[in-house]
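Peer 1: give me coordinates for this.
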Amino acid sequence: MGALEVLVSDILCEAGLQKVDIRTRSALELPGYFRATKKWDLIVVSNGALVLAMEFKSQAAKSIGNNVTNRAEEAVGSAKDIWTAFREGRFGQTPPPFLGYLFLLEDRDNVKTPVVNKEPYFQVDPEFRGDTYTKAPTAIRRYRGVSYSKRYELLCRRLILERLYSASCFLMATNSRKTKLTQPAEDLNFHRFAAALRGHVVTFLGSRSKSF
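Peer 2: Numbers count the residues shown, from 1 in each chain. Below you'll find the predicted structure:
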């Protein structure tokens, strides 16, 4: 993930930000609303204004079943916390910051196979139900569920749809000597993510120049 942080930092500098304003190792705490502070993975504070805050998250596929729900709750909670703090004026009278969420999932066979949902009382969202099949002898139609990789893709997409994050990126990579990187969803690829970052920086710098 360190290489991705460096890449994002370079993109931000190329867009016009000062390197000294980009934090990736220390002084990453920002005020929250439901908690005092939250430590982000990359933030930009320029001339007293919060320009952006980003999360870089990854998941090794060996123990993936234990962490999917935790990752979703963490992503939603962090966004809700900072946006509420922004509403309450914790960052001063500034334009809304850019919130970015980048997720890297280890590419293994077990992340691509369907995972059955437990539905003892109510049906889950149709997007999580997947394809159907019939099981003898009752021939009752059942749902296979979707894979863990699909669940993470849905998470990243819905974080944007619900306006919790300004942009999101979903990547998969093999854990091998020659790492193979894939981008399962066109709308969540790194090119679009980087373009959204650049656009926000250009807008921020443009609005700052007009204020002088």
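
Peer 1: quick one: the helices in the chain?
Peer 2: Taking DSSP state H as the test, the helices found in the chain are 2-14, 68-87, 148-161, 190-210.

Peer 1: distance to residue 105 added to those helices, as TSV?
Peer 2: (C-beta placed from N, C-alpha, C; glycine too.) Shown next, in TSV, are those (distance: least, Cβ to Cβ, whole Å):
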stretch	distance to residue 105
helix 2-14	13
helix 68-87	10
helix 148-161	6
helix 190-210	14
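
Peer 1: so residue 24 makes contact with residue 41?
Peer 2: Yes. Taking Cβ atoms under 8 Å as the definition, residue 24 is a contact partner of residue 41 at 7.2 Å.

Peer 1: so what sits against both of these two?
Peer 2: The contact sets of residue 24 and residue 41 overlap at residue 5 (Cβ atoms under 8 Å, 6 or more residues apart in numbering).

Peer 1: quick check: buried residues in the top strand by length along the chain?
Peer 2: As assigned by DSSP state E, the longest strand anywhere in the chain is strand 49-59. Using 16 or more other Cβ atoms under 10 Å as the test for burial, strand 49-59 gives 49-57, 59.

Peer 1: same question, stretch 113-127
Peer 2: Under 16+ other Cβ under 10 Å, the buried positions of stretch 113-127 are 114-115.

Peer 1: likewise stretch 149-156?
Peer 2: 149-156.

Peer 1: export these to JSON lines and tack on distance to residue 63?
Peer 2: Shown next, in JSON lines, are the buried residues of stretch 149-156 (distance: Cβ to Cβ, whole Å):
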{"residue": "149", "distance to residue 63": "15"}
{"residue": "150", "distance to residue 63": "18"}
{"residue": "151", "distance to residue 63": "15"}
{"residue": "152", "distance to residue 63": "15"}
{"residue": "153", "distance to residue 63": "19"}
{"residue": "154", "distance to residue 63": "20"}
{"residue": "155", "distance to residue 63": "18"}
{"residue": "156", "distance to residue 63": "20"}
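
Peer 1: closest to residue 84 out of the residues you listed?
Peer 2: residue 155 (20.5 Å; Cβ to Cβ).

Peer 1: pLDDT below threshold where in this structure?
Peer 2: 133-141, 209-212 (pLDDT under 70).

Peer 1: okay, domains of it per the record?
Peer 2: Annotated domains of the chain cover 2-112+148-210, 114-146 [automatic domain parsing].

Peer 1: okay, those, which one's buried deepest?
Peer 2: Sort the domains of the chain by mean neighbour count, taking mean count of other Cβ atoms under 10 Å, and domain 2-112+148-210 sits at the top with a mean of 16.

Peer 1: distance of residue 19 relative to residue 54?
Peer 2: Separation of residue 19 from residue 54 (Cβ to Cβ, to the nearest Å) stands at 16 Å.

Peer 1: spit out the contact partners of residue 24.
Peer 2: Shown in contact with residue 24 (Cβ under 8 Å, 6+ apart): 5, 9, 41-42.

Peer 1: and of those, the nearest to residue 73?
Peer 2: Nearest member of these to residue 73, counting by Cβ to Cβ, is residue 41, at 17.4 Å.
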